[in-house]
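Enquirer: Need the 3D shape of this:
(one chain, ligands or ions: 1)
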Amino acid sequence: MPEHEFLRTLELFDQHHILDHYRSLSFHQRQAFLGSNGALDFHLAFQLYHKFCESNSGAIDPATVSPPDVIPIPKDSGQNADELAARSQGESLLRGQKAAVLIVAGGQGSRLGFDGPKGTFPLSPVAGKTLFQLLAEQVRALSNRYSATIPLMIMTSSDNHKDTIDFFKQKKFFGLEPQNVHFFSQGVLPAISPQGNLILKDKVHLYTSPNGHGGSLKALSDSGLLSKMIEAGYEELFYCQVDNPLVKIADPVFLGHHRRARSQVSTKVVRRRNIKEKVGVYLKLEGKDAIAEYSDLDEKYMSALDEKGNILYWAGNTAIHIFSLSFIKELNKDGFALPYHCAKKSAYVISSDWEPASIDLWKFETFVFDAMPFARRTCCMEIKREDEFAPVKNKEGDDSPDTAREAMSALYRNWLITAGIDIPEGSTLEISPLYALGPQDISARTGRLVIPAEQEIYLE
Ligand code: UTP
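Expert: Predicted coordinates:
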């Protein structure tokens, strides 16, 4: 944006404190200020600010809520047969190079408070592998198993784009072919104070925040990767977050159910632990599948019980999805379709130029699951939390590195027990994705596996 237009825009939105600051800068600093902030969408940010000033309610009209239809965890022979058929269809998709993988890793990871991209956090219980390594090795194992190219796309944001790429280069892409790993950056929006002011991060940067995980569906299209994938014949996109080390990447059963349902957006859900758990809820809104943020759903629905005393709206969102690529294309056809939400947060702004300070700010984000109401067909399947869902959100307590490590070790113990192998009590376990992706891979290995009586056991 040329300088005069930039200044006019700031004036239009009464940002006189920023104009004063800008005028106090040297020529080179002004250039830098313009370079780093000139492309921000101030019109959208202030439009959203005014919208959320008038009403912050994303609250859902209670009259429209009902429980969803969910593919259950198989309990009888019919359901087992369904799962087998889905697996076989999913495996054909993988073999036929119809499935690609997207990991969203553009978030700020503020609750974890780790210095660096969240994906570079060393997590695994014995080998200390990072989240990126755990996920990338799954893609490698699947590519080997199905003799297929499974492209891995990673969404970053401007804050962590370079560090993420440098990390993959330094780790030699964890054995993946570099040409099959694609990085793209999501959009950012300026944050705004509750009083309607832009916020300085340092002398030449305004405080911005990534535009939410929903931004992945726009950035994928804007980056040209969506067209590239479609032209290469890929049809389905397995989507997950960087912070769940238990996620089953491109699970063939999930892919198969998605295709059998002719779904455009599919989701894996877990039973909510209790009515207080802060997790998005999968339900029907006006008869269509949707996911409601816990903060948008009236307390009486969050805590509703059925006639047996079980949680009525039990399906918690795991943020594990499959999107049809053609559907993502449709979503972007006439401008990006997802609605924005406003996160009212405080942030500790640290800079070399100012005294560190805690400030209140509003961030504007889109949520990937808001794509669901646009879909003609959706599909939802239940999974066991202990098998597939252990997100790393907080530094300690619930959903922390410690709980994720415990969940990983417990899961690997279960795999070995299922495969009929004795394991010493009290040991911490880790199985590399390159050794096994599930208990059936352990049983399929020839020869008897003897586990040493050690405190820490790592199978690779
Ligand atoms: P969260 O909403 O849990 O955010 O993101 P976060 O950045 O990991 O952590 P906090 O809230 O700052 O503590 C869930 C997933 O969505 C990605 C994150 O990287 C994470 O994988 N995400 C989130 C994005 O890619 N972009 C965003 O704008 C927001």
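
Enquirer: Quick check: residues of the stretch 251-400 of the chain near the ligand?
Expert: Residues of the stretch 251-400 of the chain found near the ligand (C-beta under 6 Å from any ligand atom) are 365, 393. Where you see a C-beta, it was placed from the backbone N, CA and C, and this is true even at glycine.

Enquirer: rerun at 5 Å
Expert: For the stretch 251-400 of the chain, the contact set with the ligand under C-beta under 5 Å from any ligand atom is empty.

Enquirer: can you map out the helices along the stretch 1-150 of the chain?
Expert: Taking DSSP state H, counting those that start in this stretch, the helices of the stretch 1-150 of the chain run over residues 3-12, 16-23, 27-37, 42-54, 77-95, 131-146.

Enquirer: Now do the fifth one: distance to the chain's middle.
Expert: The one in question is helix 77-95. Remark: helix 77-95 is offset 25 Å from the chain centroid, using C-alpha atoms, centre = their mean, to the nearest Å.

Enquirer: what residues does that helix touch?
Expert: Identification of contacts with helix 77-95 by C-beta atoms under 8 Å, 6 or more residues apart in numbering yields 71-72, 74, 99, 142, 146-148, 150, 235-236, 250-257, 259-260.

Enquirer: ok, back up a step: please identify the most buried of the helices of the stretch 1-150 of the chain.
Expert: Stretch with highest mean neighbour count among the helices of the stretch 1-150 of the chain: helix 131-146 (a mean of 22; mean count of other C-beta atoms under 10 Å).

Enquirer: Please find the angle between the direction vectors of it and helix 77-95.
Expert: Orientation check (axes from the mean of the first three to the mean of the last three C-alpha atoms, to 10 degrees): helix 131-146 against helix 77-95 gives 90 degrees.

Enquirer: Show the average pLDDT along helix 131-146.
Expert: Mean pLDDT, taken over the full extent of helix 131-146, equals 98.

Enquirer: Is the ligand within reach of it?
Expert: No: applying C-beta under 5 Å from any ligand atom, one finds helix 131-146 out of contact with the ligand, separated by at least 9.0 Å.

Enquirer: residues making contact with that helix?
Expert: In contact with helix 131-146 (C-beta under 8 Å, 6+ apart) are residues 91, 94-95, 101, 103, 105, 118-121, 123-124, 129, 148-150, 152, 164, 167-168, 171, 173-176, 180-181, 240, 242-243, 245, 247-250, 392, 432-434, 437.

Enquirer: how about the helices in the stretch 251-400 of the chain?
Expert: 252-260, 299-302, 325-333, 385-388.

Enquirer: Rounded mean pLDDT for the third one, please.
Expert: Confidence over helix 325-333, taken as the mean pLDDT, stands at 96.

Enquirer: Could you verify my assumption that E293 touches G280?
Expert: Yes: if you go by C-beta atoms under 8 Å, E293 and G280 touch, sitting 5.5 Å apart.

Enquirer: Please produce JSON lines containing the helices of the stretch 251-400 of the chain, extended by mean neighbour count and distance to T428.
Expert: Output for those, formatted as JSON lines (neighbours: other C-beta atoms under 10 Å; distance: least, C-beta to C-beta, whole Å):
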{"stretch": "helix 252-260", "mean neighbour count": "23", "distance to T428": "28"}
{"stretch": "helix 299-302", "mean neighbour count": "13", "distance to T428": "36"}
{"stretch": "helix 325-333", "mean neighbour count": "17", "distance to T428": "40"}
{"stretch": "helix 385-388", "mean neighbour count": "16", "distance to T428": "16"}
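
Enquirer: Which among the ones you listed is found nearest to R273?
Expert: helix 385-388 (7.9 Å; C-beta to C-beta).

Enquirer: so what secondary structure elements neighbour the next helix or strand after that closest one?
Expert: Following helix 385-388 in sequence order, the next helix or strand is helix 401-418 (DSSP states H and E). Using 3 or more C-beta pairs under 8 Å, 6 or more residues apart in numbering; DSSP states H and E, the elements in contact with helix 401-418 are helix 385-388, strand 428-431, helix 439-444.

Enquirer: Nearest to H321, out of the ones you listed?
Expert: Using C-beta to C-beta, the helices and strands packed on helix 401-418 put helix 385-388 closest to H321, at 13.0 Å.

Enquirer: Tell me where the stretch 51-200 of the chain is predicted with low confidence.
Expert: Across the stretch 51-200 of the chain, the ranges flagged by pLDDT under 70 are 56-63.

Enquirer: ranges for the strands of it?
Expert: Under the criterion DSSP state E, counting those that start in this stretch, the stretch 51-200 of the chain contains strands at 65-66, 99-104, 152-156, 181-185, 188-190, 200-202.

Enquirer: With distance to the ligand as extra columns, can I get those in a markdown table?
Expert: Putting the strands of the stretch 51-200 of the chain into a markdown table (distance: least, C-beta to the nearest ligand atom, whole Å) gives the following:
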| stretch | distance to the ligand |
| --- | --- |
| strand 65-66 | 23 |
| strand 99-104 | 4 |
| strand 152-156 | 5 |
| strand 181-185 | 10 |
| strand 188-190 | 8 |
| strand 200-202 | 16 |
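
Enquirer: Any chance of TSV for those strands, columns mean neighbour count?
Expert: Converted to TSV, the strands of the stretch 51-200 of the chain look like this (neighbours: other C-beta atoms under 10 Å):
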stretch	mean neighbour count
strand 65-66	16
strand 99-104	26
strand 152-156	26
strand 181-185	19
strand 188-190	22
strand 200-202	17
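
Enquirer: need these in JSON lines with distance to G420, can you?
Expert: Below are the strands of the stretch 51-200 of the chain laid out as JSON lines (distance: least, C-beta to C-beta, whole Å):
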{"stretch": "strand 65-66", "distance to G420": "44"}
{"stretch": "strand 99-104", "distance to G420": "32"}
{"stretch": "strand 152-156", "distance to G420": "34"}
{"stretch": "strand 181-185", "distance to G420": "37"}
{"stretch": "strand 188-190", "distance to G420": "52"}
{"stretch": "strand 200-202", "distance to G420": "57"}
